[in-house]
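J.: Using only what follows, build the 3D model:
(3 chains)
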Amino acid sequence: MTAATEYQLIASVTDLRDRVRAHIEDSDARLADLFGTDRDGGVLITAQLAGRDGMTTMDTLLPAGQSSYPALTPLVGSAFWYEREIHDMFGVIPEGHPRLEPLVLPAEGPDLPRPGGDGGPARIEPDPQALPRHTVGPGLFTIPHGPVRSGVTESIEYLVETPGEDIPHLNMRLFYKHRGIEKRFEYLRPADGVLLAERAEGVASVAHAIAFCQAMELIAGAEVPWRAALIRTLHAELERVACHLDVIVRLADGAGLAVATARFGWHKERLLRLTGQLSGSRFGRGVLALGGVTAAPRLEPSQILGAAGELDRQIGADVRLLMGTASFLDRLRRTGPLPPGRAAQHGALGPVGRASGRVEDVRRSRPYAAYGSLGTTTSSRDDGDALARLEVRVDEIGSSFHLIRQAADELDEAGSGPLRTDCVVADGRATSWAEAPQGEVLYDVRIASGRITRCRSRSASFHNLVLMHEVFAGDILTDFPFIEASFGLSVAGAAG
Amino acid sequence: MTPVTGFGGVLTAGLILLALAAGADLLAGARWPAWCRLPYLLGAAGAVCLLVAGAAAVAGREVAIKSGAVLGSVAAGGQHLFSAVSGLAADRLSGLFLIIAFGAATPVSLAFASWAAGPAGPGRRGLGASYALALGSVAVVLTARDAFTLLFGWESLTLAFWLLAGFDRNSPGRRLSALITLAFGRVSGASLLAGLLLLVTRSGSLTLSGLAHVPAGPLRSTACVLLLIGFAVKVGLVPFQVWLPRGYSAAPGPARAIMAGVSVNVGFYGLWRTLAILGPPPAAVIDILLLLASATALLGIAHAAVQGSLQRVIAYSSVENTGLIVAGFGVALVGAATGRRALVAVGLLAATLQVIAHTVAKSLLFTASSDVQPPGGSDDLDSLRGSVRRTPWAGTGLAIGSLTLAGLPPTAGFVSEWFLLEALMQQFRVPGLADRLVLAITGAAVALTAGFAGVTFVRVIGLVVLGRPPADEHGAATDTGRIGRIGIVLLGAACLALAAVTPLEIRLIGAGLAPVLPSPAVTAALKSPWVVQPVFTGFSILSPSWLWIVMPSLFAAVAILTWLASGSRLLRVRRVPAWRSATAGVSGHDSYTAFGFANPTRRVLGAILHTRAAVTRLHVPNADEGADVAAAAAHVEYSSDVIEVTEQYLYRPFQRPFALLVRQAQRLQCGRLDAYLAYMLIALIAVLAVVTGLH
Amino acid sequence: MWVLRGLRNGVLTTRWPARPDQYAAATRGPAIVLAGPEVVLAGPEAVLAGPGAVLAGPGAVLADQEPDQLSDLDALCPVGAISADRAGRARVDQARCIQCGRCVQLRPDVFGWSAGPGSAALTRAALLVPPDENPDSRAAVAAALLARTRALRRSVHLRHVDAGSDGSEEWEIMALLNPVYDIHRLGMFFTASPRHADVLLVTGAGANGMADSLRETYEAMPDPKVVIAVGTDAVSGGIVSPSYATSGGVGDIVPVDVWLPGSPPAPFAILSALLLAVGRLGATPGSQTATSTGTR
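T.: Numbers count the residues shown, from 1 in each chain, chains lettered A, B, ... in the order given. I've put the predicted structure just below:
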C-alpha cells in the first residue's frame, strides 16, 4: 500500500466543518467517512476525506458535557447519514441537521453504545417510540415494503410513498439489521478481528479482510510478501465477479428471463465452487491472515487459469446475449437514473458512482495488494441509469478475469516463497481501504496493548444506500426491484 | 261516460295518495317527529297503487281517467283542440314504465321514510312535498295522452327536481347545482314544447296518438329531433350530461334515488314513445345518436372511476348507463330505419332490460349511500371505508348495487349488458356501411365501458364497503331503520332475482312494447323456457336462471368438499394480525386509498379526462442551497385533477357571450308598466304573424 | 435465442439425495474432533499456555499474548467452541463453530473438518461433538418432528427471514434455486407470504431490531410449521455475539426445530437440513461419510 494517510487534529468542530468544506472544494476531494469515538465521556469526531493526494483524516474533540455541535450536513450533504449514525451511537445532536431521526439504532435511553469507550451496555432494545415516523403528504399513501419481503432478501424496510402507481418519494428504515459490529471489535485480538471483519459484510469478506489486515500491517510495519499479495488479489477479484454475477441474476430474475437467471446462477455457483476449491471456503474466508495469507491455493496456477478462462468465456457469451435482449434492456434503460452531478456531489462509490460519471477506483488511485503492479482498467458510463450500472459491472467482470489471469501467471512465475511475514501489533492507529465489489471499504483501527480499542468499518453500502432516495424519477412500482438490484448493495454492511 | 274506467280507479287512488303525502308534509312537516315518516309511507302506498295500475295496463286492462268533459266546458269556444285533452290513460308501454318506475319507488319510499326519521333527516318541511310532486309528475308524464298533459307533467317534474336539488341548505354549491338542474330541465321542456307544437300544428290534434299522422318530411324529422333532444337532456346524453352529477349529488338522502332511479325513466319512456309514434329519425341522426351514446358511456365511466366522492361516483355511473341504454335504443332505431324488425326487438329489449337493471341498482345505490354517510360528514370515499362494519345493511346494499352495475353475474346487470353487447354485435346484419361502422364503434365503446365499470365498482366494494375503517371517525353513521331495511332488501333481492327470472321479464317487456312492435318479435328472444338468445336464432344463448342454480351449487359443493377434506379442522382458527411484511408500522394511510386506486385509471384514460398531475415538494426544514438533501428530508404532496371535457370546451367558451346576452336581456326588466305593455303587444303581433304565415 | 442457449450444456442438476454427489460428499462442515484413539487435548504437562507459545507448524504465529495466561482453548478457538471434558478429551460445540480453521491449523492431530452435508441436528445439544446427549431423548425428538410434519413430506413451502445475517447465508439459500441444486425437483418452493409457508428458514444472529418482526412472521405461519436456524449466527450468535444489538442466535426468539451450523452452511447442507426437517432424510445414500457422525 503506497498512499499514506495524513492525520490532523483540529481544535473545534466549527473549524472542522470549514476545513472539511475547504478541502472538498479545493482539492476535489470527497467525504469518505465521518464517525465518532468515545473519549472519557466526550466524543472524538473524525472526518476522513479522500482526495487526489490520498486520504486525509481530521479529528476533533467534543468534550464531555457538550451534547450538541454545529452539523456538517448543511455544508457537506454527504454527511447526512453519518451524522445520524453518530447521534445514534453517542447521543450528540448535530444542530441544523435536516432530518435527525434514528437511523441504525432507535433508542432513547441513556445507555448508548459509544464505540471506543470502556464497557458498554449489554443489550439495547430498539425503542418503538423512537422509531422514525414518516408523515405522508396529502394525496399519498405509504406502502411499507419490508423488512420481511418477498423472495430471499436481507431485512430492510422501504416506505414507498406513492399516489398509487408512481414513486414520488422513498424512505428507508435501516435499523432492523443493526448488529453492533463496531462495538464487537473492541477487545478482540487482531487475529480475531480478521474473522469479524470478514463477517461485517459477508458477500465482501475478502475486501473487508484485506482492508483490516492492511491496517494491522501498517501498524506493525509488516511488508506482505509478493505471493501473498497475489493470492489476496486473486480472491478479491473472484469475489468481485461473484457479486456482479449476483446482480445479474437478480436483474434477470426481475425481468422474468428464466434461462438467463438459470445460466448466470450456474456460473455463480461454479465461481463459488472454484473459490471453495482454492481456499476451502466458498466465500474466501480464512484466506487472509495478518502479514499475508494462511495457505497457498489448493489448485495449481495452470488449473486456475484453465477454470477461470472457461468461466470467462461462457460468462462472456451469455452476457453478450443478455445485452442483446431488447425486452430486458428496455426494463433497465432510463430506470432509476442517478444524475452525474448528484453522484459527484455525494461521492458515490463503486459501480454506482462509475455509472454516473464519477470515475474513481481505489485499486488505481490508491493501489494496494498487487494492484499496483497488475494492469487495472476502470470502466465508466455517464447515463447513471440501471443499464449503465449493469454495463459497468459487465466490464468489470471482464477486467476481473483479466486480473485473475495475470495473478495466476505471476503466481506461477513466483514459484514458491513465503506466504506470511511476522506481524506483531502492539499500539497504534492506521487507516486502510480496499475496493469491494460495492465500492470503497474503509477501516480505521486503533490498537492498544495488542487489543483493538476502536475499529471503524465503513462499507460502501452504507455510503451509497442513501442515494436510493434520489433515483426514483418517474418510475413506477414495478421498476423498484430493478433499481434495488442494480445498486447491488448489502444491507448487512449498511446497517452495521 | 264515467271519467274513470277500468283500473283507472287505482290510478286515481295512487295520485290522491301522493297528494295526501304532499299535504301531510306541508302541514305537519318536521313539527311532530313521529309524523316524519307519514308522507313517505303514504307515498309508498301511492306507488304501490300506481304499480298495480301499471301491471293492469300491461296485462291489457283499460286504465284511464278521462277529463275531457271538465276541460271541454272551460274552453266553450268549441275549439276541437281543447276537447281533445283527454286526461290520463295507461297503455301497455306506459304500464311497463309505470311498473319499472313505481316498482323501484316503493322500496325507495320505505327507505326514505326511515331516513327522514333518522338523525340525517330533513329537519324542515318541504322535502316530502317535493318528493310527492316528483312521483306525481312521473305518473302524469307516463300516463299522459295528449301533448298538454305531457308538458304539464314535464314542467312540474322540472320544478320538483329544482326543489329537491336545492333543498339542503348546508350542502356546498347547492344554489348553482339547483340552478343548473332547473336550467337544463327548462331546456328539455322547451325542446319538447317546440317539437310537440310543430307536430300539433301539422296534425291538428293534441293527442299523442294523433301526432303519428303527420306526413313524413322535414317538419316531422325536425320535430322528431327536437323531441329526442328534449328527452336526451333529461336522461343526460352528451353534451347535456353536465347537470346530472351536480343535480344528483346536491339532493339530500334518498331523494337522489327518486331523481336518478325513478324519475329518469320518463326520459327513456319518452324516447320509446317517440319511436312508437313517429318512427325512426333520419339516418344521419341515428348515427349521431349512437356516437353520442358511446361518448356518453365512456365519459360517464371515465369520470365515475376517478371521483373522490361517493355520490359523484354513483351520479356519473348514471351518465354511463344512459349511454348504454341509448346505445341499445340506437340499435333499435337502425333496425326501424332499415326495416328489420328483429333488430328493433333486440335493441329495445336490451335497452329496456338495462333500464330495469339500472333503475333497481341505482335506486339501491343511492338509498344505501345516504345511510353510509354520517350526518354532516363528508362523503369522501376515503372516510367511508369499511362501511359494512358500521352500517351493515346499507353497506350490503351498496355492494349488491355495485355488483349489478358492474355487470357481474349472476346479477341483473350482467344479463342486460350481455343483451346489449349481443345487440351491438348484430351490426353485420345491417346493409349500410355507415351504420355498420357506427355500430361497431359503439360496440367497442360499450365493451370498454363495461371493463372500466368493473374497475369503478371494485373500488367502491373493495375500499368503501370492505376495507379498514379509518382511524379517526367523525360521528357515526346510523344504519337504515327497520322500515328502510325492507326497502333495501326488496331492491337487493330485485337486483339478484331479476336475473333468475329473465324469461318472465322478457315476456313482460314484450307485452309492454306492444305499441312499438308486436310482442312475438320480442319473445323470440326466448329460445326455450329458461334459455334466452338475442332474438336472432343461432347466434348465442345465455341462461341466467341456470346460472343462478349452478353457481351457488358449485360454491356449495366446493365448500362442502373443503370441509370434508379438512377433517374437523376447517373451523379451528387462530387469529393473527393481517400480514404487512412485519413492518414496524407507519402513520397515515398505509394501504391503497381510494384516490390511489383510481390513479392508473386517471393515467390510462388521460385523453378523456385531461388529467393533470403535480408533485410538489413541501417545506424542507433546515436546508440551505448548499446541501442538496431535499430528497432525503422533504415531504411531498401529490395532486391530480381531471377536467370535464364537455364543460370545459363546450360550455365555458359560451359563458362570457351568454352572460353578456343575459345582461342585455336584463335591460328588459326595467320595471316600467308601459314597457311591459309594449312587450305584450309586440309578442301578440309576432304570434299572429307566425300563425298566418304557417297557414 | 435463450431457449437454445439453455439447452447448450445439458443437464446440470445434481441427483442428490437419490444418487451420491461428489461435491456434496466433499462439503465442508464445522470443525470436528477426529475419531480414533482417545486424543488428549491438554494435560498438566502440555506447554500450550504462556506467552509466545507456538502450537503447531512454522508460520503459525499468534498475536502477542496478554500478561495473564491465555488458556489453550482460547488460543484454539476465537468463539469458545472448544472445550475439554474432565479427561482432557477435546469437544467441539459445532453450534458455535464459525469454520475459521484455526483449530485445524494449530492442532491438525486433534481437529479436522467434518465432511458431508449432514451437519444439521434436531437439538442444539446434539451439535456438541462427541455428543453426550441421551440417544433416546434424541430419538423422541426426531419422532415428534416426524409426526408433526406428516403432511409436509412431498410438498413444502419455504419462507426465509433474515434476522441480522451478514449476507452470505442468503446467497447460499438463493443458490438452492439455481439449476445445480434445483430445489423445485424435491417439491420445495419459496413463497412470498408466510401464510403459505410450512418451513421458516431463519438466518442471522437475532438482531434486536428484527426480534418483533421475526416473531410476527412466525405467528403468521399456519400450523404445522418447522423452524430451521441456518448458519452458526442463527444457531448460537457466531462471532458477532455477544453484542448489545443481538441475541445469541434466534433460539430465544422463535422455537427452533432444526439447527444447522456453518458460516455459511453450504447449499447441500441446507438441503440436507430441509430434508431432515420434513422427515425425508434417512434412507438416502451419500449423506453420511466416514468422518462425520452422520444424521443426528
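
J.: contacts, neighbours, all on C-alpha from now
T.: Noted.

J.: Chain B contacts on the stretch 351-496 of chain A?
T.: Applying C-alpha under 8 Å from any C-alpha of the partner chain, we find that the stretch 351-496 of chain A lies next to chain B at A:Val466, A:His469, A:Glu470.

J.: Phi, psi for the residue lying closest to B:Leu237 once chain neighbours are set aside please.
T.: Counting by C-alpha to C-alpha, 6 or more residues apart in numbering or on different chains, B:Thr296 is the residue found nearest to B:Leu237 once chain neighbours are left out, at 5.9 Å. B:Thr296 adopts backbone torsions of phi -60, psi -50, taken as degrees, to the nearest 10.

J.: Verify the stated contact: B:Thr296 with B:Tyr316.
T.: No - look at B:Thr296 against B:Tyr316 with C-alpha atoms under 8 Å: they stay out of range, at 9.9 Å.

J.: A:Gly119: neighbour count?
T.: A:Gly119: 12 surrounding residues under other C-alpha atoms under 10 Å in any protein chain shown.

J.: Please tell me how far it sits from chain B.
T.: According to C-alpha to the nearest C-alpha, to the nearest Å, A:Gly119 and chain B sit 30 Å apart.

J.: picking that back up, what's near enough to touch the residue nearest to B:Leu237?
T.: The neighbours of B:Thr296, taking C-alpha atoms under 8 Å, 6 or more residues apart in numbering or on different chains as the test, are B:Leu237, B:Val238, B:Gln241, B:Val319, B:Glu320, B:Thr322, B:Gly323.

J.: Spell out the residue ranges of the helices in the stretch 351-496 of chain A.
T.: Along the stretch 351-496 of chain A, the stretches classed as helices by DSSP state H, counting those that start in this stretch are A:362-365, A:386-414, A:460-465, A:480-487, A:491-495.

J.: Chain C is nearest to which of those?
T.: Closest to chain C of the helices of the stretch 351-496 of chain A is helix A:491-495 (C-alpha to the nearest C-alpha; 5.2 Å).

J.: can you pull the contacts of the closest residue to B:Ala453 other than its chain neighbours?
T.: The shortest distance from B:Ala453 to any non-neighbouring residue, by C-alpha to C-alpha, 6+ apart, is to B:Ala406 (5.1 Å). Contacts for B:Ala406 (C-alpha under 8 Å, 6+ apart) come out as B:Gly413, B:Phe414, B:Ala450, B:Ala453, B:Gly454, B:Thr456, B:Phe457.

J.: Phi first, then psi, for B:Ala406.
T.: Reported as degrees, to the nearest 10, the phi and psi values for B:Ala406 are phi -80, psi -10.

J.: Check A:Arg285 too.
T.: Main-chain torsions, A:Arg285, degrees, to the nearest 10: phi -80, psi 150.

J.: so what's it up against?
T.: Shown in contact with A:Arg285 (C-alpha under 8 Å, 6+ apart): A:Glu198, A:Ser205, A:Val206, A:Ser279, C:Cys100.

J.: Which of those residues fall within helices?
T.: Taking DSSP state H, the ones among those that sit in helices are A:Glu198, A:Ser205, A:Val206, A:Ser279.

J.: Point me to the helix or strand that includes the residue of chain A found nearest chain B.
T.: Using C-alpha to the nearest C-alpha, the single residue of chain A nearest to chain B is A:Gly164, 4.0 Å away. Secondary structure assignment for A:Gly164, by DSSP states H and E: no helix or strand.

J.: A:Arg273 reaches A:Gly284, doesn't it?
T.: No - A:Arg273 is not in contact with A:Gly284 according to C-alpha under 8 Å; the separation is 10.4 Å.

J.: These two: which is more packed in?
T.: Set A:Arg273 next to A:Gly284 and count neighbours by other C-alpha under 10 Å: A:Gly284 wins out with 26 against 17.

J.: Go ahead and list the helix or strand containing that one.
T.: Under DSSP H and E, no helix or strand contains A:Gly284.

J.: you'd agree A:Leu44 is in a strand?
T.: Yes - under DSSP: H, G, I helix; E, B strand; the rest coil, A:Leu44 falls within a strand.

J.: sorry, back to before: got the contact list for the residue lying closest to the residue of chain A closest to chain B once chain neighbours are set aside?
T.: Leaving out its chain neighbours, the residue that sits closest to A:Gly164 by C-alpha to C-alpha, 6+ apart is B:Gly596, at 4.0 Å. The contact partners of B:Gly596, by C-alpha under 8 Å, 6+ apart, come to A:Gly139, A:Leu140, A:Phe141, A:Thr162, A:Pro163, A:Gly164, A:Glu165.

J.: again, but for A:Gln277
T.: Neighbours of A:Gln277 in contact, by C-alpha under 8 Å, 6+ apart: A:Arg298, A:Leu299.

J.: you'd agree it is in a helix?
T.: Yes - using three-state DSSP, the assignment for A:Gln277 is a helix.

J.: quick one: pLDDT of it?
T.: A:Gln277 carries a pLDDT score of 94 in this model.

J.: if I look at it, how far off is C:Arg28?
T.: For A:Gln277, the distance to C:Arg28 equals 11 Å [C-alpha to C-alpha, to the nearest Å].

J.: low-scoring pLDDT stretches of the chain, where are they?
T.: Since no chain was named, I'll use chain A. Scanning chain A for pLDDT under 70 picks out the ranges A:1-4, A:132-135.

J.: meant chain C, my bad for not saying
T.: Residues of chain C that meet the cut-off, pLDDT under 70, sit at C:35-72, C:133, C:282-296.

J.: And what about C:Arg159, helix, strand or coil?
T.: State at C:Arg159, reduced to three classes by three-state DSSP: strand.

J.: Not counting its neighbours along the chain, what's nearest the residue in the stretch 451-600 of chain B positioned nearest to chain C?
T.: Nearest to chain C in the stretch 451-600 of chain B, going by C-alpha to the nearest C-alpha, is B:Ala582, at a distance of 4.9 Å. Nearest-residue entry for B:Ala582: C:Ser213, 4.9 Å, with adjacent residues in sequence omitted and distances by C-alpha to C-alpha, 6+ apart.

J.: so which helix or strand takes in the one you found?
T.: Judged by DSSP H and E, C:Ser213 forms part of helix C:208-220.
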